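any chance you can model this:
(chains A and B)
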There are 2 protein chains.
Amino acid sequence: MGKMIDSNRHLQIGSLIFEELDQIDLTGPFEVLSRIPNSTYKVYGIGTKPIKDTRGLILTPDDSLENAPTLDVFHIPGGPGQEALMENSTVISFIQKQCEHAEMVFSVCTGALLLGAAGLLRGKKATTHWGAFDLLPLFGAEPVNQRVVIDGKFVFAAGVTSGIDGALVVASMLRGEPAAQLIQLYMEYAPEPPFNSGTPTTAPPAVLEKARADIKNLFERRQLTARKIADKLGITCRT
Amino acid sequence: MGKMIDSNRHLQIGSLIFEELDQIDLTGPFEVLSRIPNSTYKVYGIGTKPIKDTRGLILTPDDSLENAPTLDVFHIPGGPGQEALMENSTVISFIQKQCEHAEMVFSVCTGALLLGAAGLLRGKKATTHWGAFDLLPLFGAEPVNQRVVIDGKFVFAAGVTSGIDGALVVASMLRGEPAAQLIQLYMEYAPEPPFNSGTPTTAPPAVLEKARADIKNLFERRQLTARKIADKLGITCRT
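Down below sits the predicted model:
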C-alpha cells in the first residue's frame, strides 16, 4: 500500500449508482471517499432521476454518466440491480472508458461482475460477495478469498460492508496512511460485530442454509448471464 | 439480549433524517433495519424534500414526520446537522412523542444529543461519538465508554459506523439471534479495518490531535447548546 498519487494533484472521484443497487455498497465507501483530501467526489447515475436501492432507500445522482469527467478513481458498487446492467451497452462502455483512464478502479460486492461484463477481469485476481464468488472464473478472473484484493490499479472488496475496508485501503493508497487513519477515527470505525456470522465459514449452518436458499434464484440468473457473456468474450470456462 | 417482541406482530420501524446528518448513521442501520422480518421500515424527514448529508449525499425521506405512524422502533442518527435541531420544537416534540410509545429507541452518534434535548437522557446510561462523549452529563446521562450501550428500551451506539453493530443488536433483540445472524451474513459483515485508528485510544497521537482540531468549533457550539438546554431542563451539571 505504498504507492501514493501526488498529493498536490486534485483527484476526480466518482461512484456509479443504479436502480436496485445495495445502498451500503455505495454509502460505506461514500463515507471514506467523500473525505479524501484534495478531491472532488460525485455520484453518477444513468440520468439524474432518483433511484431506489434494493430495500427502498431513495438516492439521487449528482450528475449523469454523460456529464462525468475522466475519473481518477472510479468506484462500482453492486447489489441485485447489477444483473440488469450486464448487457446495457451505455453502462458497459462507460465502465470500459473510465477504467481505461482511471488511476484506480474500486469494485464492491457484485460490482466486480460489471467489470467482468466489461471484459476487464481476464487474468485478474479478484473477489466479490460470497454468493457470487464462484462466478468469477466465468469472466476469466482468479477468485481470491480475501476481504480486499488488489491487482495493479484494481481494488476489489468482497460483499457489501467490505466496501468500508476497501475504501480505507483506497484512501491510504491515494493519500497515505495518516490520511486514511484520520478518516477511520472520524468514522469511529472500530467494529464490534455482536455475532460471528459474517462469512459462510463462520455462520451457523442453519443460517447459511437459509441465506443460500434466499439467494438461489438470483445466483442462477447471474450464472446464466455470466455464461452468455463468457461466450461473447470468448472466455473458455471450466466451471 | 434475550427479550424478543412477539414475532407475529408486524413492526413499524422508522428513522429520522435531516439536513447535514452523517449519512452512514442512517445507511449503516438501514442495511439491517430494512431486513428485519415482518416489519415496515421507512425514513421520515422534516417535510418530504431531498436533503443533503454533511458530505453531500442526496437522500429523500419516504414521508414526513407528521405522517409517521406510532413507531415500534425509532432510530435517530446524528452528524453535524443535529446541532440545528436541538431547539426545533417540531422535531423535539416528535422525538418525545415517538419515544413515549416506542418499544425500542435507537440512537447513533450525536443522535443521542437529540434525545438529551428532548429531556430523555436523565439518569440513563448512554454513549455517543467520542467527540461529543463529554457532553452527555450535561443532559443528565451517565456516559459509558462502550460501542453499544443498552438502558431499558434505549439502545445507544457510539460514533458513526457503530450504528451497524448497534442495529444488529437491535435486530437480535427484536427477532432473535438467528434473524440477526442471517442479516450479518447477507451483509458479509466480518470487518477487517486496515488500520487500528478507530478510537481516540488506538489512533496515532498525531492523527488524534488533527481530528480534535478539526472538530473543535463544532464541539464548542455543541457545548454551549448543551449548557443552555441543561439550564432549561433544570439539570445541575458538574462539568
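
wait, what's in contact with A:Ser162?
The contact partners of A:Ser162, by Cβ atoms under 8 Å, 6 or more residues apart in numbering or on different chains, come to A:108-109, A:147-148, B:188, B:191-192. C-beta coordinates here come from the backbone N, C-alpha and C atoms, glycine included.

just the helices from chain A, written as ranges.
Ranges of helices in chain A, per DSSP state H, are A:23-33, A:89-101, A:111-117, A:162-175, A:177-186, A:205-233.

mean pLDDT for those helices: which is lowest?
Here the lowest mean pLDDT among the helices of chain A goes to helix A:205-233, at a mean of 92.

please identify the buried residues of that one?
For helix A:205-233, the neighbour count (16 or more other Cβ atoms under 10 Å in any protein chain shown) marks A:207-208, A:210-211, A:215, A:222, A:225-226, A:229-230, A:233 as buried.

again, but for stretch A:139-147
For stretch A:139-147, by 16+ other Cβ under 10 Å, it's A:139-141, A:143-144, A:147.

end-to-end on that stretch?
19 Å (Cα to Cα, to the nearest Å).

any idea how far it is from the chain center?
Centroid separation for stretch A:139-147 versus its chain: 13 Å, with Cα atoms, centre = their mean, to the nearest Å.

list the contacts of A:Ile76.
A:15-16, A:95, A:105-108, A:111-112, A:114-115.

what separates it from chain B, distance-wise?
When distance is defined by Cβ to the nearest Cβ, to the nearest Å, A:Ile76 is 17 Å away from chain B.

how many neighbours does A:Gly56 have?
For A:Gly56, the count of nearby residues is 14 (other Cβ atoms under 10 Å in any protein chain shown).

who does A:Gly14 bridge with?
Counting by DSSP bridges, A:Gly14 is bridged to A:Lys42, A:Phe74.

burial measure for it, as a count.
Other residues near A:Gly14 come to 25 when the count uses other Cβ under 10 Å.

that one touches A:Thr70, doesn't it?
No: using Cβ atoms under 8 Å, A:Gly14 is not in contact with A:Thr70; the gap is 9.7 Å.

give me the common contacts of those two.
The contact sets of A:Gly14 and A:Thr70 overlap at A:Gln98 (Cβ under 8 Å, 6+ apart).

returning to what we had before: which of the contacts of A:Ser162 fall in strands?
Counted as lying in strands by DSSP state E, out of the contacts of A:Ser162, are A:108, A:148.

looking at the contacts of A:Ser162, spot the one nearest B:Gly79.
Nearest to B:Gly79 among these is B:Pro191, at 21.2 Å by Cβ to Cβ.

spatially nearest residue to the closest one, not counting backbone neighbours?
In this structure, B:Pro191 finds its nearest non-sequential neighbour in A:Pro191, 3.9 Å apart by Cβ to Cβ, 6 or more residues apart in numbering or on different chains.

picking up where we left off before, ok, of the contacts of A:Ser162, which one's closest to B:Glu100?
Looking across those and measuring by Cβ to Cβ, the closest to B:Glu100 is B:Pro191, at 35.3 Å.

thinking again about what came up before, got a quick ChimeraX command for the buried subset of the contacts of A:Ile76?
Buried members of the contacts of A:Ile76, defined by 16+ other Cβ under 10 Å, are picked up in ChimeraX with:
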select /A:15,16,95,105,106,107,108,111,112,114,115
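
for the contacts of A:Ile76, give me a markdown table that also has distance to A:Ile58.
Formatted as a markdown table, the contacts of A:Ile76 follow (distance: Cβ to Cβ, whole Å):
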| residue | distance to A:Ile58 |
| --- | --- |
| A:Ser15 | 16 |
| A:Leu16 | 17 |
| A:Ile95 | 24 |
| A:Val105 | 27 |
| A:Phe106 | 24 |
| A:Ser107 | 24 |
| A:Val108 | 20 |
| A:Gly111 | 20 |
| A:Ala112 | 25 |
| A:Leu114 | 22 |
| A:Leu115 | 26 |
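
JSON lines for the contacts of A:Ile76, including distance to chain B?
Output for those, formatted as JSON lines (distance: Cβ to the nearest Cβ, whole Å):
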{"residue": "A:Ser15", "distance to chain B": "10"}
{"residue": "A:Leu16", "distance to chain B": "15"}
{"residue": "A:Ile95", "distance to chain B": "22"}
{"residue": "A:Val105", "distance to chain B": "18"}
{"residue": "A:Phe106", "distance to chain B": "14"}
{"residue": "A:Ser107", "distance to chain B": "14"}
{"residue": "A:Val108", "distance to chain B": "10"}
{"residue": "A:Gly111", "distance to chain B": "13"}
{"residue": "A:Ala112", "distance to chain B": "13"}
{"residue": "A:Leu114", "distance to chain B": "18"}
{"residue": "A:Leu115", "distance to chain B": "18"}
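
distance of the residue of chain A positioned farthest from its centre from B:Leu185?
Distance to the chain centre peaks in chain A at A:Ala206, reaching 28.2 Å (criterion: Cα atoms, centre = their mean). The spacing between A:Ala206 and B:Leu185, counted by Cβ to Cβ, to the nearest Å, is 11 Å.

what does A:Ile5 give?
Plainly put, A:Ile5 is 36 Å away from B:Leu185 if you go by Cβ to Cβ.

before we move on, what about A:Leu138?
According to Cβ to Cβ, A:Leu138 and B:Leu185 sit 23 Å apart.

more neighbours: which of the two?
B:Leu185 (27 against 24).

contacts only, for A:Leu57.
If you count contacts by Cβ under 8 Å, 6+ apart, A:Leu57 has them with A:23, B:27, B:30, B:34, B:43, B:59.

and what of A:Ile46?
Neighbour list for A:Ile46: A:18, A:64-65, A:88, A:90-91 [criterion: Cβ under 8 Å, 6+ apart].

which among the residues you listed gets closest to B:Val160?
Within these, the smallest distance to B:Val160 is 25.8 Å, found for A:Phe18 (Cβ to Cβ).

look at the closest one and say how many residues are nearby.
By other Cβ under 10 Å, the residues close to A:Phe18 number 25.

same question, A:Asp6
A:Asp6 has 8 neighbours, counted by other Cβ under 10 Å.

please apply the same query to A:Arg9.
If you count neighbours by other Cβ under 10 Å, A:Arg9 ends up with 11.

next one: it from A:His75, what distance?
18 Å.

same deal with A:Leu168?
According to Cβ to Cβ, A:Leu168 and A:His75 sit 13 Å apart.

tell me which of the two has more neighbours.
A:His75 (32 against 28).

pLDDT wise, what is the residue nearest to that one when sequence neighbours are not counted at?
Excluding the flanking residues, the one nearest A:His75 by Cβ to Cβ, 6+ apart is A:Ser15, at 4.3 Å. pLDDT, A:Ser15: 98.

alright, I will stop here.
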